[in-house]
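> heads up, no residue letters with this:
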Ligand SMILES: Nc1ncnc2c1ncn2[C@@H]1O[C@H](COP(=O)(O)OP(=O)(O)OP(=O)(O)O)[C@@H](O)[C@H]1O
Ligand SMILES: [Mg+2]
């Protein structure tokens, strides 16, 4: 689970703006890629298509063998249950503890409370924040808050983890640390795609880099290539 294939995908908005143009790419299960390119290149649009927040104008997106553009509406919630998403603005709830925030995606499932806590603690431990489970978000540093957001995104063990500028507000050292976390998530078998405009940060991380320019793929480089 977690393979992705885009076949000749174009996204054109009503105003004629083409955010993606004839994009064909494949991602193997459990692989990791950074998506980069100038502002407006189409990075967020790419992730929104995978999250089914938008539909392609043309082409096919196949996730785990399923053409997601053709999923019936009622199947979309189940599709999203296997996705984890991280955004620059992490939207933590300020009146819930760190542990409660991380547990949130599981509370809507039928899982037992004790199992939810166990899972949430496992996710917190992956981002090195187990010791802070009882604190509130405002008591954490920006980088810690971002890591809580990441723990929340992986708590339901997604087979696809998508992140859009997850280090936007962080200083270079913290950014590197957070990007390192994503690289590590390959170990839990998830396919990971992280969009960032920070070329400098990702060049040295030994990970596939896909660069978009005005909606087209202009570079797709595996590490060591
Ligand atoms: N709903 C929309 N309607 C019209 N045009 C849009 C819409 N959403 C995005 N676009 C356009 O599509 C292009 C790609 O936008 P997108 O947000 O994917 O870029 P991005 O690479 O994420 O940029 P950034 O680095 O600034 O976040 C831009 O030219 C943008 O103006
Ligand atoms: Mg964007």
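Structure's in. What do you need? Source: prediction; values computed, not measured. Ligands and ions are numbered 1, 2, ... in the order given.

> Show me how the record splits this protein into domains.
1-82+158-225, 91-157 (automatic domain parsing).

> Quick one: those domains as TSV, columns for mean neighbour count and mean pLDDT too.
Placement of C-beta: from N, CA and C, glycine included. Shown next, in TSV, are the domains of the chain (neighbours: other CB atoms under 10 Å; pLDDT from 0 to 100):
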stretch	mean neighbour count	mean pLDDT
domain 1-82+158-225	17	91
domain 91-157	18	93
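
> Please enumerate the helices of the chain.
Applying DSSP state H to the chain gives helices spanning 43-50, 76-81, 98-107, 113-126, 142-154, 172-184, 199-203.

> on that earlier part again, of all the domains of the chain, which lies closest to ligand 1?
Of all these, domain 1-82+158-225 sits nearest to ligand 1, with 3.2 Å by CB to the nearest ligand atom.

> Where does the chain get nearest to ligand 2, which residue?
Proximity of the chain to ligand 2 (CB to the ion) peaks at residue 44, 3.1 Å away.

> Does that residue touch residue 195 like I think?
Yes. Counting by CB atoms under 8 Å, residue 44 touches residue 195, with 6.6 Å between them.

> shared neighbours of those two, anything?
The overlap between the contact sets of residue 44 and residue 195 (CB atoms under 8 Å, 6 or more residues apart in numbering) consists of residue 164.

> Quick one: name the residues of the chain near ligand 2.
The chain has residues 43, 44 near ligand 2, with proximity defined as CB under 5 Å from the ion.
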